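> Give me coordinates for this.
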Amino acid sequence: MSKKEIPKPELAKPQSLYNNIWLGLIIGVIGFLVYANTIGHDYVYDDSDAVIKNLYVQEGISGIPNIFKVDFWYFQNLKMGYYRPLSLVTFAIEHEFFGNNPHVGHFDNALFYGLTGFLLFLLLIKIFPAKNPAFSLLICLVFMAHPIHTEVVANIKSRDEIFSFLNIITMLLFALQYKKTKKISAFVWSIIFFYLALLSKETAMVGLALLPVILYYSGNKIQTVIIKTLPYVGAIILFLLQKRYFLGSQSVITYENLNSFPYTDSAIKLPTVFNIFRLCLGLLIFPWPLSYDYSYNQVPASHWGDLGAILGMVIFIGLAVLAVIGAYKKTIWGLGLAVIYITLVPSMAFVYLRGGVMVERFLYAPCLGFGILLIYGLSLVFKKPEEIKLNILLWAKNNVIITCIVLLISIIFSIETIARNTVWKDQFTLFSSDMTKASESAQANLLYGTVILDKAGKEKDSVLRKKDFDLGMEYCKKASRIYPGYGQTYCDIGFAYAMVEVNRDSALKYFRKCVQVAPGYARGYVNLGILYQNVGRLKLASYYYNKAVESNPLLADGKTNADNLKKATGLDVHEFPDEDTTLPTKPVETTAPVNVSPEKMKKFEDYFSQGEEAVKKNDFMRGIKFFKKAELIEPDNEKNLIYLANSYGMAKQYSEAINTFQLILKLHPDDQAVIKNLAITYDMMGEKEKAEEVRKKLKQ
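Coordinates of the predicted model:
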């Protein structure tokens, strides 16, 4: 055969939108599957604070209007200035239909993460139209498999981070669609999704910087880019006005400043920022070891003489210059660097302006820039002629080295991610697994100590109980040595002495220490009130309950205990009492309606049934809500009152449980099951003597 007769290979047709959607779906499924093993997990870390302890979330759909009116941490005695209602709205919807079910929350996080991968792929093929879709596919593989995302996806609370990035991606997609089609609907949707990104998390403002970069890369001149970006400023103004309207101009209030904000000293701010920037880039490149906690004093403050700070400064400035040059020339590596800087610098600003701690979620969005740099770098090392018309399989065959390297990296990342997910199974697993990685963190030591103390409280063998108690105390006291001003540490130690290895004097000592070093920590006041009430010093009890309400009006225990004590004794003490004496406690008076209509009886049965269903799902707070409604109709119904009292006990609202049990015994003095449960409740409160008195009555 002559040379001119050798057939040329045929090129495949360009990738169609249909094929691209299928490739995006594959990426989405991979993202979901990588986190599928989190679906069976419990609420972990701050999940409970965001879901179970958020009273508006617990109201379900009816609580959504109020969610838009408050700070994200409104129910945690904190005013952080965080306005992030969108993720809380989804938690409320989940609660409406599934109760407090962590499996649903984890499933949805994995689902939203998969959706992120799908839309990210569609965005990248629009950003890189001259590249084969395989280029975008490989970037997405690296992003979706990267272990740095475990803190965001395995932690239900961090759905705000997922939503922020997801909505920014969608905003950019519609912006590019509008550039291509000029359809006003695409422009409107782009603005809407940017606004939703802002409602997800304030850091979504980085979208205002990402948009002009993407538009510039897509062929617009700088002047045009500026004009097209201006309308998005309106969305930010609307968001800020809405935030100001609902949150007001409140100042940030926290009770653990050093633990949450350790870098506030002006001399350490900037060098610490550069050092943390260096550490963050290191975790993008080599994501090991990972930890849920980098708070005080795991990452010590840096000074200008520290090598890490100097190296971080050199890297920061050097890469920033390259990012500007590369972006101006519209290079792919310039875009990768620009994405890293635009999405990471706000987190560095948080460290600088407020002294906040480093967290792995800082790197959620910057990981996209890392993926772009990695794939582009490999394409330079193993350079092949660009063959955009080849289908993705032929491209992979022609670029087998790049394909194999990226697949290997993605597989390794996926294995590490799946393994890391198992650490987030529950509180004990997370805190114990990461203890060696965060051994110098006051918070990590405290959290591990408290889960050991919880274990001790459930242990029936006295020898094992004492062993766990001592070990838990060892970690809690180490936390207090790392940070002597850590009020929660003293509160948790006092609680252990009140509930696990009962020593009232020690409990009193540590609760006093708590409010001394952290005057804003309301639970310390509540626990002091409970201790004083239990020994009959009711003026002091009233005073400390009112101090708790003053510190945090939303803490249910403080207000409930203050109201109950006032109702029973008439005491409402707001000034520290000069002297205190034992006062008798009056039983709570109740009145029952003379006649209950059939309509009201039907309502009673409906409320009771809904409460019973909630209890079956271990959603005791929701159960309490319905049993209380039923009580208003039939205050003397023993079965409803028993369910209400038991629900209070399971929700650890022991004072309410005892009041309800005593009410039942007033109506039915010989109910042995109620007497037994009353004794158990006193045991849970650490009131061993009262529990024994009740048991003597049971024997009689």
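
> only C-alpha atoms for contact and neighbour calcs from this point on.
Will do.

> wait, I388 sits on A134?
No - between I388 and A134 there is no contact under C-alpha atoms under 8 Å: 9.4 Å.

> in the stretch 1-150 of the chain, which ranges drop under the pLDDT threshold?
1-18, 77-78 (pLDDT under 70).

> just the helices in it please.
For the stretch 1-150 of the chain, applying DSSP state H, counting those that start in this stretch gives helices covering 17-34, 47-50, 55-58, 64-67, 85-98, 102-127, 133-145, 150-153.

> what do you get for the stretch 201-350 of the chain?
207-217, 222-247, 257-260, 266-285, 307-328, 332-354.

> Of all those, which one comes closest to E638?
helix 222-247 (42.8 Å; C-alpha to C-alpha).

> Output the contacting helices and strands for that closest one.
Applying 3 or more C-alpha pairs under 8 Å, 6 or more residues apart in numbering; DSSP states H and E, we find helix 222-247 packed against helix 184-200, helix 207-217.

> now for these, which one comes closest to N297?
Between the helices and strands packed on helix 222-247, helix 184-200 lies closest to N297; by C-alpha to C-alpha that is 29.6 Å.

> Could you list which residues are in contact with V526?
Y544, Y545, A548, D557, G558 (C-alpha atoms under 8 Å, 6 or more residues apart in numbering).

> Report the separation between the residue lying closest to V233 once chain neighbours are set aside and Q242.
Spatially, and ignoring its direct neighbours in sequence, V233 is nearest to L208 (7.4 Å; C-alpha to C-alpha, 6 or more residues apart in numbering). In this view, L208 and Q242 are 18 Å apart by C-alpha to C-alpha, to the nearest Å.

> more neighbours, these two?
Each of L208 and Q242 has its neighbours counted (other C-alpha atoms under 10 Å); L208 has more, 19 against 16.

> Name the surrounding residues that touch stretch 677-697.
By C-alpha under 8 Å, 6+ apart, stretch 677-697 touches 498-500, 502, 534, 646, 649, 654, 657-658, 661-662, 675-676.

> Can you go through these and name the buried ones?
498-500, 502, 646, 649, 654, 657-658, 661-662, 675-676 (16 or more other C-alpha atoms under 10 Å).

> of all those, which comes closest to E459?
V500 (9.6 Å).

> From F246, how far off is the closest one?
Using C-alpha to C-alpha, V500 is found at 42 Å from F246.

> Can you tell me, leaving aside adjacent residues, what's nearest to S379?
Using C-alpha to C-alpha, 6+ apart, the closest residue to S379 is I402 (6.9 Å).

> any idea which element the one you found lies in?
Counting by DSSP states H and E, the element that carries I402 is helix 400-423.

> What of D454?
Going by DSSP H and E, D454 is part of helix 442-458.

> same for that helix, what does it pack against?
Counting by 3+ C-alpha pairs under 8 Å, 6+ apart, helix 442-458 packs on helix 427-433, helix 462-482, helix 487-499.

> Need the winner for burial among the ones you listed.
helix 487-499 (a mean of 25; mean count of other C-alpha atoms under 10 Å).

> Let me see the mean pLDDT of it.
In this model, helix 487-499 has a mean pLDDT of 92.

> CA atoms only: put it into PDB for me.
Taking C-alpha atoms only, helix 487-499 is exported to PDB below (Å, rounded to 0.1, in the frame of the first residue of the first chain):
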ATOM      1  CA  GLY A 487     -15.500  29.000  81.300                       C
ATOM      2  CA  GLN A 488     -17.200  26.000  79.800                       C
ATOM      3  CA  THR A 489     -14.500  23.800  81.100                       C
ATOM      4  CA  TYR A 490     -15.300  24.700  84.700                       C
ATOM      5  CA  CYS A 491     -19.000  24.300  84.000                       C
ATOM      6  CA  ASP A 492     -18.500  20.800  82.600                       C
ATOM      7  CA  ILE A 493     -16.300  19.800  85.500                       C
ATOM      8  CA  GLY A 494     -18.800  21.000  87.900                       C
ATOM      9  CA  PHE A 495     -21.600  19.200  86.100                       C
ATOM     10  CA  ALA A 496     -19.600  15.900  86.400                       C
ATOM     11  CA  TYR A 497     -19.300  16.400  90.200                       C
ATOM     12  CA  ALA A 498     -23.000  17.100  90.400                       C
ATOM     13  CA  MET A 499     -24.100  14.200  88.200                       C
END
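
> Now do the helix holding D454 against helix 487-499, angle only.
10 degrees (axes from the mean of the first three to the mean of the last three C-alpha atoms, to 10 degrees).

> For helix 442-458, buried residues please.
Of the residues in helix 442-458, those buried (16+ other C-alpha under 10 Å) are 442-457.

> hmm, back to that, would you mind putting the helices of the stretch 201-350 of the chain into JSON lines with distance to G81 and mean pLDDT alongside?
As requested, the helices of the stretch 201-350 of the chain are exported to JSON lines (distance: least, C-alpha to C-alpha, whole Å; pLDDT from 0 to 100):
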{"stretch": "helix 207-217", "distance to G81": "20", "mean pLDDT": "97"}
{"stretch": "helix 222-247", "distance to G81": "7", "mean pLDDT": "95"}
{"stretch": "helix 257-260", "distance to G81": "14", "mean pLDDT": "79"}
{"stretch": "helix 266-285", "distance to G81": "21", "mean pLDDT": "97"}
{"stretch": "helix 307-328", "distance to G81": "29", "mean pLDDT": "97"}
{"stretch": "helix 332-354", "distance to G81": "12", "mean pLDDT": "96"}
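
> can you put these in a markdown table and add distance to K688?
Formatted as a markdown table, the helices of the stretch 201-350 of the chain follow (distance: least, C-alpha to C-alpha, whole Å):
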| stretch | distance to K688 |
| --- | --- |
| helix 207-217 | 58 |
| helix 222-247 | 45 |
| helix 257-260 | 35 |
| helix 266-285 | 50 |
| helix 307-328 | 55 |
| helix 332-354 | 46 |
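
> Please consider this matter closed, and thank you.
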